[in-house]
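*Asks:* coordinates only, sequence not included:
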């Protein structure tokens, strides 16, 4: 029933278009025609009841009539599908899904960039801390070795006592190993590995203690030799007491002679 109503509606639509098309064409025609010409053409149209053959209005009416006839016979009106001309529109669900994908992609990029920056920042901080620790180690050793050198010169002491320089280098290496191992222990999460690393650290600390004690023995030896040297120097100065006093006297009264003792 619906199909019949639909077909009947299309048929009447075609008929109305066929009858109205000639009138519209005549109204839009050239205004140069006279009133008598228009009246004659209107009378001919009313007598025939058909559009003028060969005119544009007649062609349009014929097309509409043929379309209505095909609709009644086949029940379908074939025409070009819009999707063949325009791409199919995406559904709201598809658009929402694509939007979520874009958001996830951008969020992943931002997270990846932030993680990379954090990693680089952490590496830079560790590098600075390590450099700072090494500088502190050097300062500590310089302050400790300063009292063990002759005339405050550590290089001279290391040249005079090769064994002493060997002990100092060994102590520096043990200090670095203990600091590095302590840092790894703080970061380790596995209890077994952590216990093994702690045992190794204790062993290194004991070894470091022995090396430090050996260094202190060399320090005592250097002190003893330094004291012996100062005693000998004092004895020599006592032997030259009169000469030294005379030179100092001449220096005080304004001579240009460089007198040192």
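*Replies:* Yep, it's here. Note that this is a predicted model, so its numbers are computed, not measured.
*Asks:* Outline the domain layout of this structure.
*Replies:* Residue ranges for the domains of the chain, per automatic domain parsing: 2-29+36-78, 123-252.
*Asks:* hey, least reliable of those domains by pLDDT?
*Replies:* Ranked by mean pLDDT, those end with domain 2-29+36-78 at the bottom, a mean of 55.
*Asks:* Ramachandran coordinates for the closest residue to residue 174 other than its chain neighbours?
*Replies:* Distances taken as C-beta to C-beta, 6 or more residues apart in numbering place residue 208 nearest to residue 174, at 4.2 Å, with adjacent residues excluded. For every residue, glycine as well, the C-beta is placed using N, CA and C. Residue 208 adopts backbone torsions of phi -60, psi -40, taken as degrees, to the nearest 10.
*Asks:* what about residue 234, distance to residue 240?
*Replies:* For residue 234, the distance to residue 240 (C-beta to C-beta, to the nearest Å) stands at 11 Å.
*Asks:* Helices along the stretch 101-250 of the chain, start to end?
*Replies:* 154-160, 162-187, 191-239, 241-252 (DSSP state H, counting those that start in this stretch).
*Asks:* Between those, which one is closest to residue 106.
*Replies:* helix 162-187 (33.0 Å; C-beta to C-beta).
*Asks:* Give me the buried stretch members for the closest one, please.
*Replies:* Across helix 162-187, burial judged by 16 or more other C-beta atoms under 10 Å covers 164, 165, 167, 168, 170, 171, 174, 175, 177, 178, 185.
*Asks:* And for stretch 111-122?
*Replies:* By neighbour count with 16+ other C-beta under 10 Å, stretch 111-122 contains no buried residues.
*Asks:* avg pLDDT for that stretch?
*Replies:* 84.
*Asks:* change the start of the numbering to 358 and stick with it
*Replies:* All set: I'll call the first residue 358, so the last point we hit is now stretch 468-479.
*Asks:* got a list of contacts for that stretch?
*Replies:* The contact list for stretch 468-479, computed with C-beta atoms under 8 Å, 6 or more residues apart in numbering, is empty.
*Asks:* What is the burial count for residue 578?
*Replies:* 13 (other C-beta atoms under 10 Å).
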